[in-house]
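**Student:** Sequence below, structure please.
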Amino acid sequence: LVIFIVSGIWHGTTFGFALWGLLHGIYLVVSKHTTSLRDRLVSKLHINSAVHGYIQSLIVFALVAFAFIPFRLNDFSMLCDFFGKLFTVSSNKTIVTLFTETGFSTLKLLICCMGVIVFFVLDYISKRREEKKEMSIYESFARWRYAWRVLVYCFLFILVLCVGMYGASYNAANFIYGQF
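**Tutor:** Sure, this is the predicted structure:
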């Protein structure tokens, strides 16, 4: 745990950075101490290995995303205020409203959701091909005609420019490492 706390402090000296490191350390300790229990549970519930992999991926993503919350907050009172607002939802707000109130546009939310779906589909296809000992998606993509690959790369580049934090409203001081 000490190493993880130190790695958090290496990123910055505020409370949030140390808590970020501590959370990652706790995740690792809990993971190591519950491996046999989780394996028995998967076996007892007869969970498919592919489904198990997706469940693990979702849990890891949620835990890492959760750990990044204190990474951006300066002190404990901001953290308490944030979690108070996070878990208090009025009856007339939707998940989209919650995102748009924080400056996350509906279009960006839709693009992010589509991106997650695409990555899950690609991962699923990749695992299926691996089980069948077929060529991977990446090897298949490498065999595409050069012009098609360039078109895909250009599309992804334009998507990053459109969705990313660039353009007239971009402020480099808001970049997390720009604060040091």
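
**Student:** contacts and neighbour counts: CA atoms only from here.
**Tutor:** OK.

**Student:** I'd like the distance between the residue of the chain positioned farthest from its centre and L151.
**Tutor:** No residue in the chain sits farther from the centre than R145, which is 31.7 Å out by Cα atoms, centre = their mean. Separation of R145 from L151 (Cα to Cα, to the nearest Å) stands at 10 Å.

**Student:** Over to E134?
**Tutor:** Computed as Cα to Cα, the E134 to L151 distance reads 25 Å.

**Student:** got it, and A50?
**Tutor:** A50 sits 32 Å away from L151, going by Cα to Cα.

**Student:** same deal with V42?
**Tutor:** Distance from V42 to L151, by Cα to Cα: 42 Å.

**Student:** out of those two, which sits in the busier spot?
**Tutor:** Between V42 and L151, counting by other Cα atoms under 10 Å, V42 is the more crowded of the two (14 against 11).

**Student:** host element of F141?
**Tutor:** Per DSSP states H and E, F141 falls inside helix 137-142.

**Student:** contact partners of that helix?
**Tutor:** Residues outside helix 137-142 that contact it (Cα atoms under 8 Å, 6 or more residues apart in numbering): 122, 125-126, 149.

**Student:** Next SSE downstream of that helix?
**Tutor:** Next element after helix 137-142 (DSSP H and E): helix 146-163.

**Student:** From the contact counts, what lies against the helix or strand where R128 lies?
**Tutor:** R128 belongs to helix 106-131 when assigned by DSSP H and E. Under the contact definition 3 or more Cα pairs under 8 Å, 6 or more residues apart in numbering; DSSP states H and E, helix 106-131 sits against helix 95-101, helix 137-142.
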